[in-house]
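[1] Just a sequence and a predicted model for now, questions to come.
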Amino acid sequence: MTDTPPRPGLVDPFGRAITYLRVSVTDRCDLRCVYCMPEHMEFLPRKDLLTLEEIDRLASAFIERGVKRLRLTGGEPLVRKNLMSLVRSLSRHRVTGALQELTLTTNGTQLERHAAELADCGVERLNISLDTLDHHKFRQITRWGDLSRVMAGIDAAQAAGIAVKINTVALKNFNQGEIPHMIRWAHGRGMGLTLIETMPLGETGEDRTDSYLPLSHLRASLQERHGMSLRESTYRSGGPARYFEVAETGGRLGFITPMTHNFCEGCNRVRVTCTGTLYLCLGQEDKADLRGPLRASEADDALHAAIDSAIATKPKGHDFVIDRATRQPATSRTMSLTGG
Ligand code: SAM
Ligand code: SF4
């Protein structure tokens, strides 16, 4: 009997190896962050969603093709029913070493009751999104969220030994003045903090021109107005962030600047939605249906063929614009659908 040769790794037409997969396990969320979704968000019909078993099969196919890092996101991943059974099942790839990292991006509201099990499944790092430390402002930006639940989630994650990174969307006229305090708070608790520029993804019912804050301005203000000394770091997380060491706190500060600094040259990632659509770029419409080939047969050959054809169409990069003349979002899908 001859062994079937291993399937080749995924390399796009620009020579970029695809080693990072983000899977949006649901488009639903228990919050409604104003820059992310409209208040009365229309969610996808449940029948369109991949089952957890199908998500496992899909993610495992990518792992077979060389994906080393897998991030579950959403919507809010922890609101997907039985999500922990998927995490538990995917953790087998951590055990074999095929996967170097299994992680989640979460808003933290449901984390308190899941943190210990996540740690037990080999989740070593979590990204928790948090835009303010003020209870009233938290309610305002999330439309109804309770900050104390997120804080309890952070406590539980740290108690379980999971490294936490805080992701903060920088918003003019909202949290701009609070950022130095948030940096000191996160670093004081041994957590990194990464600032993100708001991106023009999907209609949210809000005009982003008024809240868009270029991080180049914020960085200058941290140094000049708040006396923070930022030294560029050689650290790379494998993602698009650039990192700085903050002398005062000894902590790490990341900047994700899709708007002011195009980060596409080193892009190693693709995204799959909860309906099995593969998006090749966060800011472009290029996509491929993987649910059809996944459901067409129990063997994975059609799925792998669909993945190969899709990777061959990965665009070179995105071209986001936020200004008063360009009020249209770059894509009609919100970040919660594509998976942030
Ligand atoms: N619900 C989870 C959470 O909030 O962490 C995971 C999904 S959420 C879509 C992932 C990240 O995308 C969050 O950090 C959120 O702040 C960010 N995000 C959502 N919409 C965005 C936008 N238009 N521009 C920039 N970041 C956005
Ligand atoms: Fe939900 Fe995350 Fe979007 Fe906020 S950013 S509405 S928590 S999906």
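    Yep, it's here. Numbering: from 1, shown residues only. Ligands and ions are numbered 1, 2, ... in the order given.
[2] count of neighbours near the residue lying closest to H226 once chain neighbours are set aside?
    Distances taken as C-beta to C-beta, 6 or more residues apart in numbering put P180 closest to H226, at 4.5 Å, once the chain neighbours are dropped. Heads up, the C-betas are built off the backbone N, CA and C, glycines and all. P180 has 18 neighbouring residues, counting by other C-beta atoms under 10 Å.
[3] Report the contact partners of P180.
    Neighbour list for P180: L222, H226, M228 [criterion: C-beta atoms under 8 Å, 6 or more residues apart in numbering].
[4] so which of those residues would you say is closest to K314?
    Distance from K314 was checked for each of these by C-beta to C-beta. The minimum falls on L222, at 34.5 Å.
[5] in a strand, that's where L72 is, yeah?
    Yes: under DSSP: H, G, I helix; E, B strand; the rest coil, L72 sits within a strand.
[6] thinking it is in contact with S91, fair?
    No: applying C-beta atoms under 8 Å as the test, L72 and S91 come out as separate, 11.6 Å apart.
[7] Tell me the pLDDT of the residue nearest to H226.
    P180 is assigned a pLDDT of 97 by the prediction.
[8] gap between it and M228?
    When C-beta to C-beta, to the nearest Å is applied, the distance between P180 and M228 equals 7 Å.
[9] for S211, same thing?
    For S211, the distance to M228 (C-beta to C-beta) stands at 23 Å.
[10] So which bits of the stretch 51-200 of the chain are right by ligand 1?
    If contacts are counted using C-beta under 6 Å from any ligand atom, the residues of the stretch 51-200 of the chain sitting beside ligand 1 are T73, G74, E76, T105, T106, N107, S129, N167, V169, I196, T198, M199.
[11] Restricted to strands, list those residues.
    T73, T105, T106, S129, N167, V169, I196 (DSSP state E).
[12] quick one: which of the residues you listed is nearest to ligand 1?
    The nearest member of those to ligand 1, counting by C-beta to the nearest ligand atom, is S129 at 3.3 Å.
[13] Please list all residues in contact with the closest one.
    Residues in contact with S129, defined by C-beta under 8 Å, 6+ apart, are C33, T105, T106, N107, G108, I166, N167, T168, V169.
[14] Give me the local confidence score for the fifth one.
    G108 carries a pLDDT value of 98.
[15] give me every residue that touches it.
    For G108, the contact set (C-beta under 8 Å, 6+ apart) comprises I128, S129, L130, R149, V150, G153, I154, A157.
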